[in-house]
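Chemist: coords below, sequence missing:
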């Protein structure tokens with residue numbers, strides 16, 4: 001078994017685990033924006049915090065194994081793989097999205113949410129579009 005394939009497999013595994021949380025967290029935000037019950041809000045705060053802190057290491061490990069994969073392929077390969085440069089730009093947006101989830105979590109924690117459930121429904125769909133673009137770039141490897 002090669003080191004390259006091990007890094008790729010771990011990169012994909014941690015990416016899937018990360019996305020499971022990234023898809024579910026904004027759904028919790030939708031429910032939280034809709035509720036006016038104190039006990040329900042308290043429960044959602046706990047769930048949101050635990051989920052975000054649970055999946056954050058997966059986001060970090062996704063990056064670690066992605067970088068190790070790039071290193072294994074080599075500098076010359078990286079230089080000529082423009083599709084990967086676009087993928088990394090989209091992935092950067094995804095990490096910004098993940099970071100913004102911490103801000104939203106903090107707003108809910110302090111009962112300062114100003115956004116509607118509709119906002120969070122759209123917010124929930126955004127990483128789906130990013131994932132679609134990432135998968136197409138990684139699988140098709142277009143010559144850009």
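Modeler: Sure, I can see it. Just so it is clear, the model here is predicted, and its values are computed rather than measured.

Chemist: buried ones in the one helix or strand residue 18 maps to?
Modeler: Assigning secondary structure by DSSP states H and E places residue 18 in helix 3-34. Residues of helix 3-34 classed as buried under the neighbour-count rule (16 or more other Cβ atoms under 10 Å) are 7-8, 10-11, 14-15, 17-19, 21-22, 25-26, 28-33. Heads up, the C-betas are built off the backbone N, CA and C, glycines and all.

Chemist: do stretch 90-108 as well
Modeler: Of the residues in stretch 90-108, those buried (16+ other Cβ under 10 Å) are 91, 94, 98, 101, 104-105, 108.

Chemist: save these as a markdown table, and put in distance to residue 143, pLDDT and secondary structure too.
Modeler: Formatted as a markdown table, the buried residues of stretch 90-108 follow (distance: Cβ to Cβ, whole Å; pLDDT from 0 to 100; DSSP: H, G, I helix; E, B strand; the rest coil):
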| residue | distance to residue 143 | pLDDT | secondary structure |
| --- | --- | --- | --- |
| 91 | 20 | 98 | helix |
| 94 | 24 | 98 | helix |
| 98 | 30 | 98 | helix |
| 101 | 34 | 98 | helix |
| 104 | 38 | 98 | helix |
| 105 | 40 | 98 | helix |
| 108 | 44 | 98 | helix |
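
Chemist: low-confidence ranges, the chain, go.
Modeler: Within the chain, no stretch has pLDDT under 70.

Chemist: try it again at 80.
Modeler: 1 (pLDDT under 80).

Chemist: tell me where it has strands.
Modeler: Remark: no strands are assigned in the chain by DSSP state E.

Chemist: where is the longest helix in this structure?
Modeler: The helix spanning the most residues in the chain, taking DSSP state H as the definition, is helix 38-73.

Chemist: could you tell me the angle between it and helix 3-34?
Modeler: 160 degrees (axes from the mean of the first three to the mean of the last three Cα atoms, to 10 degrees).

Chemist: list the helices and strands helix 38-73 packs on?
Modeler: Here helix 38-73 touches helix 3-34, helix 82-109, going by 3 or more Cβ pairs under 8 Å, 6 or more residues apart in numbering; DSSP states H and E.
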